[in-house]
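# Sequence first, then the predicted structure:
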Amino acid sequence: MSSTLVTGIGELTTNDPELGRLADAALVFTDRVEWVGPASSAPAADTRIDVEGRAVLPGWVDSHTHLVFAGDRTAEFEARMAGQAYAAGGIAVTVGATREASDDELAANLRRLVGEAVAQGTTTIETKTGYGLTVEDEVRSARIAADVADEVTFLGAHLVPPGADADEYVSLVVGGMLDAVAPHVRWADVFCERGAFDADQSRAVLEAARAKGLGLRVHGNQLGEGPGVGLAVELGAASVDHCTYLSAADVDALAHSSTVATLLPACDLSTRQSLPPARRLLDAGATVALASNCNPGSSYTTSMAYCITTAVLQMHLTIEEAVTAATLSGAKALHRTDVGHLSPGARADVHVLDAPSTTHLAYRPGVPLTHAVWRAGVRQR
Ligand SMILES: [Zn+2]
């Protein structure tokens with residue numbers, strides 16, 4: 001693969017502990033990062049691009065999305081904005097539409113949304129099943145997701161299908177459904193929440209998935225305090241996602257574990273919840289990631305920049321903390337060491353902002369600032 005030299009970098013965020021953040025820098029990459037350093041000592045390359053003082057950083061790692069779906073929930077959103085409370089049950093509407101859609105329709109919608117994310121600087125994306133909720137429909141969702149997404153998660157335990165018995169459904173999830181879906185996915189997840197799955201059911205799902213060799217993720221503590229965080233930490237999950245309502249014990253458990261607290265602020269705003277206690281988590285020493293939670297019900301955005309803006313303006317993160325949360329810590333939440341940073345050897349996921357520094361992501365809220373994107377060294381925009 002031919003090499004590209006990027007010069008004229010006003011501010012280079014590497015997320016490399018040795019290199020840190022560099023001014024007046026240059027970067028050489030093929031499909032991997034080959035060299036990082038001061039512009040004055042940059043080696044030659046096949047192609048040279050001058051970014052004229054713009055900021056360069058690793059592409060976003062969006063570690064939590066639900067993109068295999070059909071249909072639309074505008075009416076539910078409108079009702080919520082008019083004052084109706086959010087509840088887990090709205091998922092059933094998307095399940096109905098997803099089951100009726102063809103493979104081609106699901107794949108086209110998934111590709112549309114991933115394309116939208118990449119155009120805004122996302123270069124690694126996780127997505128989940130969870131709108132099928134039958135063996136056949138969950139396998140289909142996993143297969144379609146695996147064609148497009150970097151990481152795929154089995155979320156058969158998203159909701160008990162309407163009319164089904166909860167314990168019987170859990171038996172299916174940990175039995176035949178897990179057996180059928182496991183070959184297509186790396187991760188398993190459970191919605192541990194009032195109105196979805198309780199602590200015992202969630203534990204059964206996670207233990208069965210772990211026995212199958214899958215990595216664990218948990219949806220927890222979205223609508224109130226609950227057992228999700230404790231269970232995730234106890235079982236060594238890579239990540240527990242939402243973390244909107246945390247007890248002191250939850251914060252302490254996360255701070256003393258390798259489980260990443262993945263915060264989904266666009267979802268909390270769209271469901272009119274409080275924002276998660278990001279400052280408390282970081283101050284206690286927990287690893288915090290930011291993700292979009294893009295899905296048609298509770299968070300219909302692919303914009304990681306929006307999550308960063310919110311984290312800085314409303315959750316009191318520094319811009320550096322927010323950028324780290326959306327890159328390096330997102331990679332940690334997926335157990336990926338090859339993305340989320342620009343150290344030599346990393347995948348060449350390069351995001352150029354139309355701004356001199358990452359500060360502009362919060363300083364200029366809502367303004368599209370993505371100037372150029374490479375994923376594994378291939379120009380995306
Ligand atoms: Zn989710």
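That came through fine. Numbering: from 1, shown residues only.
# which residues of the stretch 251-381 of the chain fall in helices?
265-270, 278-284, 304-313, 319-325, 328-333, 360-363 (DSSP state H, counting those that start in this stretch).
# in the shortest one, what's buried?
Think helix 360-363. Buried positions in helix 360-363, judged by neighbour count with 16 or more other CB atoms under 10 Å: 360, 361, 362. Every C-beta, even on glycine, is put in place using the N, C-alpha and C of the backbone.
# any idea of the pLDDT on the last one?
With respect to pLDDT, residue 362 scores 98.
# and it, what does it touch?
Under the criterion of CB atoms under 8 Å, 6 or more residues apart in numbering, the contact list for residue 362 reads 308, 309, 312, 313, 319, 322.
# roughly how far apart are the nearest residue in space to residue 242 that is not next to it in sequence and residue 44?
Leaving out its chain neighbours, the residue that sits closest to residue 242 by CB to CB, 6 or more residues apart in numbering is residue 222, at 3.8 Å. Distance of residue 222 to residue 44, computed by CB to CB, to the nearest Å: 51 Å.
# Then residue 125?
Going from residue 125 to residue 44 by CB to CB gives 34 Å.
# Tell me how many other residues crowd residue 172.
17 (other CB atoms under 10 Å).
# Pull the contacting residues for it.
135, 156.
# Then residue 209?
154, 174, 178, 182, 188, 216.
# and which of these is nearest residue 204?
Nearest to residue 204, judged by CB to CB, of the contacts of residue 209 is residue 174 at 5.6 Å.
# Give me the distance between that closest one and residue 157.
Per CB to CB, residue 174 is found 9 Å from residue 157.
# ok, back up a step: switch the contacts of residue 362 over to CSV; also include pLDDT.
CSV is the format used below for these (pLDDT from 0 to 100):
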residue, pLDDT
308, 98
309, 98
312, 98
313, 98
319, 98
322, 98
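# Most neighbours among the residues you listed, which one is it?
Busiest of the contacts of residue 362 [other CB under 10 Å] is residue 322, holding 27 neighbours.
# From what I see, it and residue 311 are in contact.
Yes. The criterion here is CB atoms under 8 Å, and residue 322 meets it with residue 311 at 4.2 Å.
# Common neighbours of these two, please.
With CB under 8 Å, 6+ apart, residue 322 and residue 311 have common neighbours residue 290.
# Compare residue 125 and residue 44 and say which one has the larger neighbour count.
Set side by side, residue 125 and residue 44 show more neighbours around residue 125, with 30 against 8, by other CB under 10 Å.
# In three-state terms, label the more buried one for me.
Classification of residue 125 by DSSP: H, G, I helix; E, B strand; the rest coil places it in strand.
# Am I right that residue 213 is in a helix?
No. Residue 213 is assigned coil when assessed by three-state DSSP, not a helix.
# Residue 52: how many residues sit nearby?
Quick note: residue 52 (other CB under 10 Å) scores 12 neighbours.
# no no, residue 71
Neighbours of residue 71 under the rule other CB under 10 Å: 17.
# Correct me if wrong: it contacts residue 93.
Yes. The criterion here is CB under 8 Å, and residue 71 meets it with residue 93 at 6.9 Å.
# and the gap between residue 117 and residue 102?
Separation of residue 117 from residue 102 (CB to CB): 23 Å.
# so where do the strands sit in the stretch 151-300 of the chain?
Counting by DSSP state E, counting those that start in this stretch, the segments of the stretch 151-300 of the chain that form strands are 151-157, 187-192, 215-220, 239-242, 260-263, 288-290.
# Show me the one of these that comes nearest residue 87.
Per CB to CB, nearest to residue 87 of the strands of the stretch 151-300 of the chain: strand 187-192, 12.1 Å.
# and that closest one, how far out from the chain's middle?
14 Å (CA atoms, centre = their mean, to the nearest Å).
# what angle do that strand and strand 215-220 make?
Angle of strand 187-192 versus strand 215-220, following axes from the mean of the first three to the mean of the last three CA atoms, to 10 degrees, is 20 degrees.
# who touches strand 187-192?
Strand 187-192 has contacts (CB under 8 Å, 6+ apart) with 88, 126, 128, 130, 151-155, 157-159, 178, 197-199, 201-202, 205-206, 209-210, 212, 214-220, 226-228, 231, 238.
# Of those, keep whichever come out buried.
For these, buried by 16+ other CB under 10 Å: 88, 126, 128, 130, 151-155, 157-159, 178, 197, 201-202, 205-206, 209, 212, 214-220, 226-228, 231, 238.
# hmm, who's touching stretch 314-327?
Residues from elsewhere that reach stretch 314-327 (CB under 8 Å, 6+ apart): 13, 15, 21, 57-62, 263, 265, 275-276, 278-279, 282, 288-291, 304, 307-308, 311-312, 340-341, 358-359, 361-362.
# Between its first and last residues, how far does that stretch reach?
Chord length of stretch 314-327, first to last residue, is 19 Å (CA to CA, to the nearest Å).
# before we move on, what about stretch 13-28?
Stretch 13-28: ends 14 Å apart by CA to CA.
# what about it, distance to the chain center?
24 Å.
# Residue 60 reaches residue 351, doesn't it?
Yes. Contact criterion CB under 8 Å: residue 60 and residue 351 qualify, at 7.1 Å.
# higher neighbour count, the two?
Each of residue 60 and residue 351 had its neighbours counted (other CB under 10 Å), and the higher figure belongs to residue 60 (33 against 27).
# Please name the bridge partners of that one.
Beta-bridge pairing of residue 60 under DSSP bridges involves residue 122.
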